[in-house]
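Student: sequence plus predicted model, see below.
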Amino acid sequence: MIAGIIIIFVAVWMYQAAMQAKTSNAFLWVAIGCATFFVTQFLMVNFNVYILETLKDMPSGQGTDIDFSGEQVTHDSRGGATGFLLSVFLELFPIFVGILAAGVVRTLFVLKIKPTPGHLFGGIGDMMKGMFSGIKESFKTME
């Protein structure tokens with residue numbers, strides 16, 4: 001669910017980078033960036049399932065069960081905080097890796113600049129600032 005919203009932001013982020021680099025095939029780079037995000041996230045979710053299945057076999061009692069809706073539920077018999085932190089990490093880690101992979105494609109192939117942390121995640125703040133200022137302006141009354 002979260003990744004569906006994030007992939008829209010990745011598409012806008014890639015489009016802005018393509019326009020900044022003045023490429024003639026901006027939509028191709030948007031598709032490549034979104035596909036990179038999607039494939040990377042898919043692989044990381046499968047890796048997380050592998051981690052959960054490995055933890056299920058551990059003697060500490062931590063692992064996963066399948067509830068009635070078919071969703072995997074992480075539980076931890078050692079306490080709630082560890083299970084909660086593991087669930088949050090396993091939920092957000094694939095999204096972060098997908099954004100990082102899309103940032104690498106954006107930096108190396110679209111903008112053709114050196115990959116530094118500032119360049120990998122550059123433009124996200126400007127994109128959010130512009131988006132939220134546009135939303136703010138839309139709520140102002142017409143005079």
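Tutor: In hand now; what should we look at?
Student: quick one: low-confidence parts of the protein?
Tutor: Filtered on pLDDT under 70, the chain yields the residue ranges 57-80, 141-143.
Student: now the helices for it?
Tutor: 2-20, 26-56, 80-105, 117-120, 124-138 (DSSP state H).
Student: relative to residue 111, which of these is closest?
Tutor: If you check each of the helices of the chain against residue 111 by Cβ to Cβ, helix 2-20 wins as the nearest, at 5.8 Å. In this view, the C-beta of every residue, glycine as well, is placed from N, C-alpha and C.
Student: gap between the closest one and the chain center?
Tutor: Distance, stretch centre to chain centre, for helix 2-20: 11 Å (Cα atoms, centre = their mean, to the nearest Å).
Student: what does stretch 33-52 give?
Tutor: 10 Å.
Student: what's the spatially most central residue of the chain in contact with, if anything?
Tutor: Central residue of the chain (Cα atoms, centre = their mean): residue 95, 2.7 Å from the mean position. With contact set as Cβ atoms under 8 Å, 6 or more residues apart in numbering, residue 95 has these partners: 2-3, 6, 41.
Student: can you put these in CSV and add distance to residue 81 and neighbour count?
Tutor: What follows is these, written out as CSV (distance: Cβ to Cβ, whole Å; neighbours: other Cβ atoms under 10 Å):
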residue, distance to residue 81, neighbour count
2, 22, 10
3, 25, 19
6, 26, 18
41, 26, 22
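Student: of all those residues, which comes closest to residue 129?
Tutor: Lowest distance from residue 129 to the contacts of residue 95 (Cβ to Cβ) belongs to residue 6, with 17.5 Å.
Student: so how far is residue 98 from that closest one?
Tutor: Per Cβ to Cβ, to the nearest Å, residue 6 is found 7 Å from residue 98.
Student: now the common contact residues for the two.
Tutor: Contact criterion Cβ under 8 Å, 6+ apart; residues shared by residue 6 and residue 98: residue 37.
Student: could I get the contacts of residue 95 as CSV with distance to residue 120?
Tutor: What follows is the contacts of residue 95, written out as CSV (distance: Cβ to Cβ, whole Å):
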residue, distance to residue 120
2, 20
3, 19
6, 16
41, 17
